[in-house]
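Participant: predicted model follows, preceded by the sequence.
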Amino acid sequence: QEQLVESGGGLVQSGGSLRLSCAASGFKFDYYGLGWFRQAPGKAREGIICIGHDGATVYYEDSVKGRFTISRDNGQNMVYLQMNGLNPEDTGVYYCAGVWNCREADPEFWGQGTQVTVSS
């Protein structure tokens with residue numbers, strides 16, 4: 001059974017940084033891409049960024065380019081999202097997801113999410 005567990009969310013002031021972590025288990029981690037998705041209050045869930053099984057990054061959201069960085073540790077079955085220069089528009093629940101192909105942005109399974117709140 002695939003399992004993804006996010007952590008690292010919280011409250012941060014505008015301009016601050018957070019690092020989200022996602023611990024994976026129950027599937028062949030190095031076969032999959034891992035993506036981060038965000039659901040802002042009152043909005044649909046949207047893709048932000050993805051890292052392929054080969055380590056290549058795919059951005060789904062232009063506004064995070066230059067601010068957010070995704071990385072993975074295949075030895076520890078972990079994926080990380082480093083978020084710098086946060087602004088209130090980045091507020092939302094952040095979900096980690098298993099993606100067979102980052103360029104198709106079609107998650108196969110999800111974590112439970114972690115809340116990120118950016119105050120102005």
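Facilitator: Good, I have the coordinates.
Participant: show me the strands in the protein, by range?
Facilitator: Under the criterion DSSP state E, the chain contains strands at 3-7, 10-13, 18-25, 33-39, 45-51, 57-59, 68-73, 78-83, 92-99, 107-110, 114-119.
Participant: redo those strands as TSV? Include mean neighbour count and mean pLDDT.
Facilitator: Using the backbone N, CA and C atoms, a C-beta is placed for each residue, glycine as well. Shown next, in TSV, are these (neighbours: other C-beta atoms under 10 Å; pLDDT from 0 to 100):
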stretch	mean neighbour count	mean pLDDT
strand 3-7	17	98
strand 10-13	13	98
strand 18-25	18	98
strand 33-39	24	98
strand 45-51	20	97
strand 57-59	16	96
strand 68-73	18	98
strand 78-83	21	98
strand 92-99	23	98
strand 107-110	16	96
strand 114-119	17	98
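Participant: work out the gap between stretch 98-112 and the centre of the chain.
Facilitator: On the basis of C-alpha atoms, centre = their mean, to the nearest Å, stretch 98-112 sits 11 Å off its chain's mean C-alpha point.
Participant: and for stretch 52-64?
Facilitator: 10 Å.
Participant: equivalent analysis for stretch 22-38, please.
Facilitator: The answer for stretch 22-38 is 10 Å, by C-alpha atoms, centre = their mean.
Participant: show me the contact partners of stretch 23-31.
Facilitator: 1-5, 7, 34, 53, 74, 77-79, 96, 98, 109 (C-beta atoms under 8 Å, 6 or more residues apart in numbering).
Participant: these: which two are farthest apart?
Facilitator: S7 and H53 (22.6 Å; C-beta to C-beta).
Participant: and the nearest residue to V99 once chain neighbours are set aside, what does it touch?
Facilitator: Spatial nearest neighbour of V99, excluding adjacent residues (C-beta to C-beta, 6 or more residues apart in numbering): G33 at 4.1 Å. Shown in contact with G33 (C-beta under 8 Å, 6+ apart): 50-53, 58, 98-102.
Participant: run through the bridge partners of M78.
Facilitator: Beta bridges link M78 to A23, D73, judged by DSSP bridges.
Participant: now it: how far from A105?
Facilitator: 21 Å (C-beta to C-beta, to the nearest Å).
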